[in-house]
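K.L.:
Sequence first, predicted model second:
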Amino acid sequence: MLPDSEQPILLFDGLCNLCNHFVQVVIKHDKQRMFRFASLQSETGLEVLRHIRREMGFVPDSLVLLYKGKIYIKSDAALKTASKLKGVYPLLTIGYILPRRLRDVIYDIVAKYRYKWFGKRNECMIPTPELQSRFLD
């Protein structure tokens, strides 16, 4: 079962430096504090991945957005997240003009080499006490 997703829930690879940076950008520009977060390696993340495997037949390994009962993956997850932020980030949704298949090919290339290009952590990010309430276990 998916967690309540009336508020957007962003799941990310907690070991990936690029993914962690993306989460930090979201935190900084989410002025309404609407986003909740969980690493894919967390209990919540693993449960969501089990559900996605049953529903979609595969398991995403980098970025997943749950919002209003929908599951967004790959480039759709990144673009939908950008659309909810303040500042210039909603302008990134111009990426929707590209066909999803092309966007996801580019996304998959970056995802495949993300550890090589951006590095990998030994353990998931531990949120500060101020951010703890926004992270799901």
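P.N.:
Arrived safely, thanks for sending. Quantities reported herein were computed from a predicted structural model and do not represent experimental measurements.
K.L.:
Can you mark which positions in stretch 48-60 are buried?
P.N.:
Buried residues in stretch 48-60, defined by neighbour count with 16 or more other CB atoms under 10 Å: Val48, Leu49, Ile52, Pro60. Any C-beta I mention is one placed from the backbone N, CA and C, and that applies to glycine too.
K.L.:
same thing with stretch 33-44?
P.N.:
By neighbour count with 16+ other CB under 10 Å, stretch 33-44 contains the buried residues Phe35, Arg36, Phe37, Ala38, Ser39, Leu40, Ser42, Thr44.
K.L.:
just stretch 78-98 next, same as before
P.N.:
Going by 16+ other CB under 10 Å, stretch 78-98 has these buried residues: Ala78, Leu79, Lys80, Thr81, Ala82, Lys84, Leu85, Tyr89, Gly95.
K.L.:
how about the closest residue to the last one other than its chain neighbours, what does it touch?
P.N.:
Nearest residue to Gly95 in three dimensions, chain neighbours excluded: Leu79, at 5.4 Å (CB to CB, 6 or more residues apart in numbering). For Leu79, the set of contacting residues under the criterion of CB atoms under 8 Å, 6 or more residues apart in numbering consists of Leu92, Thr93, Gly95, Tyr96, Arg103.
K.L.:
Done for today, thanks.
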